[in-house]
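> coordinates only, sequence not included:
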């Protein structure tokens, strides 16, 4: 019987397989950041252990870093200590680090791919659940806890139970204004936040094959929000073209050997998935969340659901609590929801294509009065590219704030946070209670919806913007 | 890791599903660089509500959390496990756990027990009616037993794979176990193709 993509990559990394034990898997790339690594390095020290493969390990700073005044000392002393701890650990153990201020610094899941380190058929781990992002390259990539970070540092392997596989097949053409973000939010709403639990998801079908690498990363990034540790997309010419010439992509005869291997990384025709989901791309629409988990979403053109409409008691209770926290009422049109803040950025939507999309909508328009808009590039390289294309001027011209690279408002660990009760439209990945700051209310959206929302001051799609562009004067 | 064989304690019935790790321990607590001192951050936002179950006097000192489905979703932060342990929890019962949280818990000796929602419902009813009821989580017998003062009982067997159970019962160090396979790791490393990425030249 044939094998799925996930099974092929898994099998290629088995160091040891024994009856009654989890497989011992080799890890090709270990990404580190400041939040989930300090206790792991402490563990190495306590046991007199070293980092086994410094050449497969790289660190950056992202979660705690401010996005303004980066030339000044970090104001929060606890954040400062955490960043200093990473710097000391990397120096002590010899780990390559891109700290704040470095041209390769940025959100860890933006940095790996842009350096060409994330490659098809590799295993990639990081103490961060959004490591699933790297699956867009046909890598088996998943988030791990700090104990596992220590394990990988010490052994470059992990003992893991073999996951099941689920195909998410998306056929047809995505309608105008419907993006990868809308697609993945719709998938999560369909299968639920626990639907992918225990599975590696493989996104496939004609709609997926047409997507850019940036769009594929957006989709794989949010696999974890459906409960799946990893999401994957088979590598193809779009993948190879993205990688070619990047700093750490293979070259010369290594490139040819790599591509020959990468071309084998497709699910065999006779392989059987443990579960399958089919999505018709033509039926998708701009999608937003109304609740406090990423599965509580709906098409923008619809209304806040009535909790009483849920048959399942725990879903009904969850919806009631979500509406209470979000300050919404059942039946309210989603388009009528006014926002205070718009955030464009994060490992989900902080890449150059996302910034281009948002800028194309803001160009010639203004952010609505009373709305604050933050645009935060996912990495310094993304920022430089955006500046080279003049996107920063579009954002600032529209009244948005153009910031330095980092995780920023995706999570409340740095100065960019919502105030209690403040409502945002955010291109990030989690709308959990307090995720963007204590008491903050988050609606997850695509970059296009974020930009349109910023202009109109309420949840909106680009199609709602027909007459808001300032006429060009003759 | 501290070994886990069996534990008996009072329970906290948490009637909520989809308890994500941002609720268990909010992000601003993640700036700490130690494994301890997270107890005050556990369910920080919900604990501001005096009616929250963890604030009730009869729940003080309880050590078994009985939660709704999909406990521990979201972030990979192991701090969520440390916060539960720092607060005094030894076991968490739910009908479904998020993968990463489950893995993290078992590596730290916090026993996460999967029981059918029907059984969780019974545990909720019993421990809400009788806050002094004790719940025993017995890893050797792979069984949960709860008994109220009126003689009401809930008994249910649970599954846990034999390897994870053995490591927990003996409090074994995963890294130490893996390093026994040094020869296998070295052999694998020697066979890796040259086109695989490297972060630094060596």
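Looks like it came in fine. The structure displayed is predicted, hence computed values, not measured ones.
> Where is the longest strand in chain B?
With secondary structure taken from DSSP state E, chain B has its longest strand at strand B:6-14.
> got a list of contacts for stretch B:150-167?
With contact meaning Cβ atoms under 8 Å, 6 or more residues apart in numbering or on different chains, stretch B:150-167 is reached by A:20-22, A:161, B:1, B:106, B:113-116, B:119, B:122-123, B:126, B:129-130, B:133, B:139, B:142-147, B:168, B:172, B:174, B:177. Using the backbone N, CA and C atoms, a C-beta is placed for each residue, glycine as well.
> Please indicate which of those residues are buried?
A:21-22, B:1, B:106, B:113-115, B:119, B:122-123, B:126, B:130, B:133, B:139, B:144-147, B:168, B:174, B:177 (16 or more other Cβ atoms under 10 Å in any protein chain shown).
> Identify those among the residues you listed that sit within helices.
Mapping the buried ones among the contacts of stretch B:150-167 onto helices (DSSP state H) picks out B:106, B:119, B:122-123, B:126, B:168, B:174, B:177.
> For chain A, state which of those residues is nearest.
residue B:174 (5.9 Å; Cβ to the nearest Cβ).
> In this structure that closest one contacts residue B:109, no?
No. The criterion here is Cβ atoms under 8 Å, and residue B:174 misses it with residue B:109 at 11.6 Å.
> overlap in contacts of those two?
residue B:1.
> Could you list the residues of the stretch 251-400 of chain A in contact with chain B?
A:254-255, A:257-258, A:261, A:293, A:314-315, A:317-318, A:321 (Cβ under 8 Å from any Cβ of the partner chain).
> now the residues you listed: which count as buried?
For these, buried by 16+ other Cβ under 10 Å: A:255, A:258, A:261, A:293, A:314-315, A:317-318, A:321.
> What is the lowest-pLDDT residue among those residues?
pLDDT across those is lowest for residue A:314, at 84.
> Check whether stretch B:70-83 comes into contact with chain A.
Yes. On the criterion Cβ under 8 Å from any Cβ, stretch B:70-83 is in touch with chain A at B:70, B:73-79, B:81.
> just stretch B:35-54 next, same as before
Yes. On the criterion Cβ under 8 Å from any Cβ, stretch B:35-54 is in touch with chain A at B:35, B:45.
> For that stretch, which outside residues touch it?
Taking Cβ under 8 Å, 6+ apart as the rule, stretch B:35-54 contacts A:39, A:433-434, A:438-439, B:12-15, B:23-26, B:29, B:32, B:55, B:59, B:79, B:82-84, B:86-88.
> Equivalent analysis for stretch A:148-155, please.
A:27, A:30, A:32, A:36-37, A:39-41, A:43-44, A:47, A:49-52, A:57, A:93, A:125, A:127, A:144, A:157-158, B:103-104, B:107, B:174-175, B:178-179, B:185.
> Inside strands: which ones of the residues you listed?
A:30, A:32, A:57, A:125, A:157-158.
> out of those, which touch chain B?
Restricting these to those near chain B - Cβ under 8 Å from any Cβ - leaves A:57, A:157.
> In a markdown table, list the ones in strands among the contacts of stretch A:148-155 along with pLDDT and neighbour count.
Shown next, in a markdown table, are the ones in strands among the contacts of stretch A:148-155 (pLDDT from 0 to 100; neighbours: other Cβ atoms under 10 Å in any protein chain shown):
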| residue | pLDDT | neighbour count |
| --- | --- | --- |
| A:30 | 98 | 27 |
| A:32 | 98 | 29 |
| A:57 | 98 | 25 |
| A:125 | 98 | 26 |
| A:157 | 98 | 28 |
| A:158 | 98 | 25 |
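> Among the ones in strands among the contacts of stretch A:148-155, give me the pair with the biggest separation.
A:32 and A:157 (16.5 Å; Cβ to Cβ).
> got any ranges where the stretch 351-474 of chain A has weak pLDDT?
Applying pLDDT under 70 to the stretch 351-474 of chain A picks out residues A:467-468, A:470-474.
> And the helices in chain B?
B:21-24, B:44-47, B:79-87, B:99-108, B:117-129, B:162-170, B:174-179, B:182-190.
> now the last one: mean pLDDT?
Model confidence over helix B:182-190, given as mean pLDDT, is 98.
> returning to that earlier point: list just the nearest of the ones in helices among the buried ones among the contacts of stretch B:150-167 to residue A:138.
residue B:174 (28.4 Å).
> dump the residue contacts of that closest one.
A:147, A:151, A:159, B:1, B:107, B:167.
> give me that answer again for 10 Å
A:147-148, A:150-151, A:154-155, A:158-159, B:1, B:106-107, B:167 (Cβ atoms under 10 Å, 6 or more residues apart in numbering or on different chains).
> Only the buried subset of these, as a ChimeraX command please.
The buried residues among these can be selected in ChimeraX (16+ other Cβ under 10 Å) with this line:
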select /A:147,148,150,151,154,155,158,159 /B:1,106,107,167
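> can the contacts of residue B:174 go into a markdown table with extra columns for distance to residue A:305?
Converted to a markdown table, the contacts of residue B:174 look like this (distance: Cβ to Cβ, whole Å):
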| residue | distance to residue A:305 |
| --- | --- |
| A:147 | 39 |
| A:148 | 38 |
| A:150 | 43 |
| A:151 | 43 |
| A:154 | 48 |
| A:155 | 47 |
| A:158 | 40 |
| A:159 | 42 |
| B:1 | 44 |
| B:106 | 36 |
| B:107 | 38 |
| B:167 | 44 |
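> With respect to per-residue confidence, which of the contacts of residue B:174 is lowest?
Minimum confidence in those sits at residue B:1, scoring 81.
> okay but that one is in contact with residue B:109, surely?
Yes. Residue B:1 is within contact range of residue B:109, at 4.9 Å (criterion: Cβ atoms under 10 Å).
> Around residue A:316, count how many other residues there are.
Neighbourhood size, residue A:316 [other Cβ atoms under 10 Å in any protein chain shown]: 15.
> actually residue A:78, sorry about that
The number of residues packed near residue A:78 is 15, by other Cβ under 10 Å.
> returning to that earlier point: can you tell me which of the contacts of residue B:174 is nearest residue A:88?
For those, the nearest to residue A:88 is residue A:150 (16.5 Å; Cβ to Cβ).
> chain center to the helix or strand containing the closest one, what's the gap?
Secondary structure assigned from DSSP states H and E places residue A:150 in helix A:146-155. Put simply, helix A:146-155 sits 23 Å off its chain's centre (Cα atoms, centre = their mean, to the nearest Å).
> So which bits of stretch B:45-57 are buried?
Result for stretch B:45-57 [16+ other Cβ under 10 Å]: buried residues B:45-46, B:53-54.
> related to what we said a few turns ago, please identify which pair of the ones in helices among the buried ones among the contacts of stretch B:150-167 lies farthest apart.
Longest span within these, Cβ to Cβ: B:126 and B:177, 38.2 Å.
> from memory residue B:62 sits against residue B:84, does it?
No. The criterion here is Cβ under 10 Å, and residue B:62 misses it with residue B:84 at 11.8 Å.
> wait, residue A:135 sits on residue A:213?
No. In this structure, residue A:135 is not within contact of residue A:213 by Cβ under 10 Å, at 11.7 Å.
> joint contacts of these two?
With Cβ under 10 Å, 6+ apart, residue A:135 and residue A:213 have common neighbours A:118, A:233.
> what about these two, which has more around it?
residue A:135 (32 against 20).
> ok, now which ones touch the nearest residue to residue A:33 once chain neighbours are set aside?
Closest residue in space to residue A:33, ignoring its immediate chain neighbours: residue A:108 at 5.0 Å, by Cβ to Cβ, 6 or more residues apart in numbering or on different chains. By Cβ under 10 Å, 6+ apart, residue A:108 lies in contact with A:31-34, A:58-63, A:98, A:126-128, A:130-131, A:133-134, A:347, A:378-379, A:407.
> Now with 6 Å, please.
Shown in contact with residue A:108 (Cβ atoms under 6 Å, 6 or more residues apart in numbering or on different chains): A:31, A:33, A:60, A:62, A:126.
> Return the distance of residue A:27 relative to residue A:9.
To residue A:9, residue A:27 is 12 Å away according to Cβ to Cβ, to the nearest Å.
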